[in-house]
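> Sequence unavailable; structure follows:
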């Protein structure tokens, strides 16, 4: 199973990005193989449609849950219909490393 | 002038099938005209007749006014009656809807999460794995509370 985390940087020490569509990096974590992949977000500077483009990127990676600080109003129904779970963490200081540890419960 | 926009109806549980097909020697051919039931009509029928909510409660759940819910419901009954009497196929598709799932809050790691798959019950928090979660929007006739509003309150 794959989980995606929005990150502000490309290291494990980077804090969680509070936005989904315009986050700096996506961290794709495979819980089975324990592999971690940092994907730079191509939609970061997009004027519009950043959220939907990011959803497409995540869906193409076959992610089954996404952890972020916030999901836009257009994104929620889209992820619902794609059966991707949303996890909202309201903590801008939490680090990617900490979230990965929590996922390994 | 452009026509007035329809309020987007909220659908909590999409149907598990795409439609119905009549059978029997008199039943029309597969390619004959079919009745197309909208998602919102399916949802109104489910809430009012299957779950047994009043129209007022159902309208709050779909986030439309009570008269609108009654119109959607009446249209659903009319389409189903037409399909039954004329032996037509029913397809369920379309409509001004958005899908929303139930949200939960975990007290252990202070996160919010939803359950995208209705068929699977949530057993533990998907993030920290503990079972200290609770539903934050049990069907409430006054309208559901979104996670953000809950934080501010």
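Yes, it's here. It should be emphasised that the depicted structure is a prediction, and the values quoted were computed from it without experimental measurement. Numbers count the residues shown, from 1 in each chain, chains lettered A, B, ... in the order given.
> From here on, just use CA atoms for contacts and neighbour counts.
Will do.
> wait, doesn't residue B:129 sit right on residue B:106?
No: judged on CA atoms under 8 Å, residue B:129 makes no contact with residue B:106 at a distance of 9.6 Å.
> ok, the two, which is more surrounded?
When neighbours are counted by other CA atoms under 10 Å in any protein chain shown, residue B:129 and residue B:106 differ, and residue B:106 comes out ahead with 22 against 17.
> What score does the closest residue in space to that one that isn't next to it in sequence have for pLDDT?
Nearest non-adjacent residue to residue B:106, counting by CA to CA, 6 or more residues apart in numbering or on different chains: residue B:133, 4.0 Å away. In this prediction, residue B:133 carries a pLDDT score of 80.
> Make sure residue B:133 is actually in contact with residue B:124.
Yes: counting by CA under 8 Å, residue B:133 touches residue B:124, with 7.3 Å between them.
> what about these two, which has more around it?
Higher neighbour count among residue B:133 and residue B:124: residue B:133, with 21 against 13, using other CA under 10 Å.
> Now for the more buried one: which residues touch it?
With contacts defined as CA atoms under 8 Å, 6 or more residues apart in numbering or on different chains, residue B:133 is in contact with B:104-108, B:124-125.
> which residue ranges form the helices in chain A?
For chain A, applying DSSP state H gives helices covering A:50-60, A:75-81, A:96-103.
> can you put these in JSON lines and add mean pLDDT, mean neighbour count and distance to residue A:36?
JSON lines is the format used below for the helices of chain A (pLDDT from 0 to 100; neighbours: other CA atoms under 10 Å in any protein chain shown; distance: least, CA to CA, whole Å):
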{"stretch": "helix A:50-60", "mean pLDDT": "90", "mean neighbour count": "17", "distance to residue A:36": "14"}
{"stretch": "helix A:75-81", "mean pLDDT": "81", "mean neighbour count": "19", "distance to residue A:36": "22"}
{"stretch": "helix A:96-103", "mean pLDDT": "87", "mean neighbour count": "16", "distance to residue A:36": "9"}
